[in-house]
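[1] need a structure here:
(2 chains)
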Amino acid sequence: MSPEDGLRFASRALTGHRTRSLLMLLAMAIGVASVVLLTALGEGARRYVNQQFSALGSNLLILLPGRNETTGGAPPMLGSVPRELSLDDALALLRLPGVKAVAPITLGSAPVSAGRLSRDVLISGSTASMLPVRQLSMRSGRFLPAGDPRRASALAVLGAKTAAELFPNRNPIGQTLRIDEWRFRVIGVLDDVGEAFGMNTSDVVIVPVVAAQALFDVEGLFRVLVEVRQREAIPRVRQRVIELLKLRHDGEDDVTVIAQDSMLATFDDVLRALTLGIAGIAAISLAVAGILTMNVMLVAVSQRTGEIGLLKALGAPQRQILALFVTEAALLSLAGALAGLALAQGLIALAAQIWPDFPIGAPGWAPIAACGTAMFVGTLFGLLPARRAARLDPVAALAGR
Amino acid sequence: MIELDGICREFQVGDSLVHALADVSLRIGPGEYLSVMGPSGSGKSTLLNVLGLLDQPDRGRYLLGGRDTTQLSEAEQARARREQIGFVFQTFHLVPRLTAAENVGLPMLLAGFEPAERERRVAASLDRLGLTDRADHRPDQLSGGQRQRVAIARATVMQPAVLLADEPTGNLDRASGHEVVDTLEALNAAGITLIVVTHDPALGDRAARQLKMEDGALVGDYRRDAGAREAAGETR
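    Numbers count the residues shown, from 1 in each chain, chains lettered A, B, ... in the order given. The predicted model follows:
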């Protein structure tokens, strides 16, 4: 029997027993779909975290005032309250080799009004460096001017959403707005780049850092973002930053420095491992599908004993009957795998519609691995029923026994 | 062409050993027309299965076309069935999902014939049996007689030397039965060796040579044209 004839005969046998074939196909399809879908979820989580980090800018060191690590030292003595991160601390970092830019950040919330419109908005104080460090871009106008960051000027840059709400149908550039009792001139509007780690850059007013400190009457900074020239230099620069701040804080190691890069790498590794683990769990459903295939094929063999006897009488050797039944199992597995892929793609597309912010998507290896496993499992479990068919006694088979 | 020498076939049924074939020896020449008759359980179906290489004798020698079949491997026996033997069953054994033409072509499909050659020979075979207009019908769209003629077309499409028919008219009404018998006898007239197993004396009596079986043994071997009764020497 030629391979084409064998394939045609096997597929005719499958379409001839529709319910049975559909059952097996469904089992395989669900197995494959669950593998692809679950890995797509895992991969989506990985991409989401990646996105959040890279929205923050690459090659970043993030400085937080205070230490929330257990260092194993003596308990803090009375009066040694951790010192705040000052603007001078931030500006001193600029002189360190390897540091490209430093963006101090002060955060607070205040009522902002323009004309008769008023609402509470997140106020972020920073410098001209924030634009490149946070990888922001301007929709119109310009960002805070470079110059001495210690000088307060009454200039404001608006997030896209804030601009639209405070100045509906008006060009906000050059307009005046009030934050608390202070007047600011709008000089620019940011592009809408979405959210990164809870900080929404579309609903915000950015003012010079000194102005924000005055506004909220604070000395310390909320964060300092340090952009490092080269990715490879991050650990070295991190060390220099820690040493310099310790020096400036009278030997007190009271600043937490997070290298965004290493955090990202750790998250990436963890989520990759998680995705693989999920895929492994989902693969169990493929094994279940394989066992179902075996059951249904065994039923098929017992229902078709007459036909098997006939094939033997017509001169089909055992090897040929084995091949025919294995071909049936393999064809079913292939069809089931393809149906499962289609199902998974449909569900992934649906999920992408419902949650547009979550970058769901199966990694490239998932469909291939799922289909490969389905084919392997289906064929393997098809082998046992096929062997039973091949070894049937022709006389008994023809008699329907 | 067919030589059986001391063939024995035994089955274990419960505690007792049943001798389905007890020391059967038989010679059948090319182009003969034989009927095998006898009561149920007399071993006539087992004889047919052994002749058709579907069942292996426990003892004895079976030469088919001069070759000792008991020495052949499973694949070689399958090949011998495919090339030298055609089967016609009481229950037709057509594959329900295949059309008449596809059922007829099945042995050639298994043998790996080219599609064009297959089509040509299937068409010729259907034409010979007057089934051309039924070629695309599935078995459930055919009458009993038509089904059995499709089965006969399938059994003969490989041009075997021997045609084995087990109660070929057992599931048919009289008219269809006559049709089928006429078809089988026409094939025999064209040279094929025809062996028919039957209960029906009306069918059995038509054969030129008639074997009678009882309890696994040949008890009679008559030739109609001779008119005389000659018991086979080997029978008891």
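[2] For the closest residue to chain A within chain B, give me its contacts.
    Nearest residue of chain B to chain A, counting by C-beta to the nearest C-beta: B:Arg82, 2.3 Å away. Bear in mind the C-beta positions are built from the backbone N, C-alpha and C, glycine included. B:Arg82 sits next to A:314-316, B:107, B:110-111, B:158 when contact means C-beta atoms under 8 Å, 6 or more residues apart in numbering or on different chains.
[3] so how far is the helix or strand hosting it off the chain centroid?
    Element membership for B:Arg82 (DSSP states H and E) is helix B:74-84. With C-alpha atoms, centre = their mean, to the nearest Å as the basis, helix B:74-84 stands 15 Å off its chain's centre.
[4] Which parts of the stretch 151-300 of chain A are helices?
    Along the stretch 151-300 of chain A, the segments classed as helices by DSSP state H, counting those that start in this stretch run A:160-166, A:209-216, A:234-248, A:260-303.
[5] Chain A against chain B: which residues are in contact?
    Contacts of chain A with chain B, taken as C-beta under 8 Å from any C-beta of the partner chain, map to A:1-2, A:5, A:9, A:12-13, A:15-16, A:306-307, A:309-320, A:394-395, A:398.
[6] Could you check the pLDDT of B:Asp200?
    According to the prediction, B:Asp200 has pLDDT 90.
[7] B:Thr169 is in contact with that one, correct?
    Yes. Shown here, B:Asp200 and B:Thr169 form a contact pair, counting by C-beta atoms under 8 Å, at 6.8 Å.
[8] On the three-state scheme, the residue nearest the centre of chain B is what?
    Central residue of chain B (C-alpha atoms, centre = their mean): B:Leu164, 0.7 Å from the mean position. Classification of B:Leu164 using DSSP: H, G, I helix; E, B strand; the rest coil returns strand.
[9] Just grab the bridge partners of it for me.
    Beta-bridge pairing for B:Leu164 (DSSP bridges): B:Phe87, B:Ile195.
[10] on that earlier part again, now do the residue of chain B closest to chain A against A:Met1, distance only.
    11 Å (C-beta to C-beta, to the nearest Å).
[11] try A:Arg119
    78 Å.
[12] what's in contact with stretch B:89-97?
    Applying C-beta under 8 Å, 6+ apart, the set of residues contacting stretch B:89-97 is A:12-13, A:15-16, A:306-307, A:309-310, A:313, A:398, B:100, B:102-103, B:106, B:138-140, B:147-148, B:150-151, B:154, B:166-168, B:170-171.
[13] now it, how far from the centre of its chain.
    15 Å.
[14] Straight-line length of that stretch, end to end?
    With C-alpha to C-alpha, to the nearest Å as the measure, the first residue of stretch B:89-97 is 18 Å from its last.
[15] May I see the buried residues of that stretch?
    B:89-95, B:97 (16 or more other C-beta atoms under 10 Å in any protein chain shown).
[16] Quick one: name the residues of chain B near chain A.
    So far as C-beta under 8 Å from any C-beta goes, chain B lies against chain A at B:49, B:52, B:54-55, B:74-75, B:78-83, B:87, B:89, B:93, B:95-98, B:106-107, B:109-112, B:115, B:154, B:158.
[17] Turn the buried ones among those into a named PyMOL selection, would you?
    Applied in PyMOL, the following selects the buried portion of the residues of chain B next to chain A according to 16+ other C-beta under 10 Å:
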select buried, chain B and resi 49+52+54+55+78+79+80+81+82+87+89+93+95+97+98+106+107+109+110+111+154+158
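[18] can you pull out the helices in chain B?
    B:44-51, B:74-84, B:100-111, B:115-128, B:144-156, B:174-189, B:201-204 (DSSP state H).
[19] could you dump those to CSV with distance to A:Thr162?
    Putting these into CSV (distance: least, C-beta to C-beta, whole Å) gives the following:
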stretch, distance to A:Thr162
helix B:44-51, 92
helix B:74-84, 83
helix B:100-111, 74
helix B:115-128, 74
helix B:144-156, 83
helix B:174-189, 92
helix B:201-204, 101
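[20] Ends of stretch B:149-168, what's the gap?
    Across stretch B:149-168, first to last residue, C-alpha to C-alpha, it's 10 Å.
[21] Who has more neighbours out of A:Arg119 and A:Met1?
    A:Met1 (18 against 12; other C-beta atoms under 10 Å in any protein chain shown).
[22] Is the residue nearest to the centre of chain B in contact with B:Leu53, as I believe?
    No. Applying C-beta under 8 Å as the test, B:Leu164 and B:Leu53 come out as separate, 10.0 Å apart.
[23] can you state the direction angle for the helix or strand A:Gly346 falls within and helix B:74-84?
    Using DSSP H and E, A:Gly346 sits within helix A:318-354. Angle, helix A:318-354 to helix B:74-84, by axes from the mean of the first three to the mean of the last three C-alpha atoms, to 10 degrees: 100 degrees.
[24] Count the residues that sit near B:Gln77.
    21.
[25] following the helix holding A:Gly346, which helix or strand comes up?
    By DSSP H and E, the next helix or strand past helix A:318-354 is helix A:365-390.
[26] tilt between that next one and helix B:74-84?
    Using the same axes, to 10 degrees: helix A:365-390 against helix B:74-84 is 70 degrees.
[27] helices and strands around helix A:365-390, which ones?
    Packing partners of helix A:365-390 (3 or more C-beta pairs under 8 Å, 6 or more residues apart in numbering or on different chains; DSSP states H and E): helix A:18-55, helix A:260-303, helix A:318-354.
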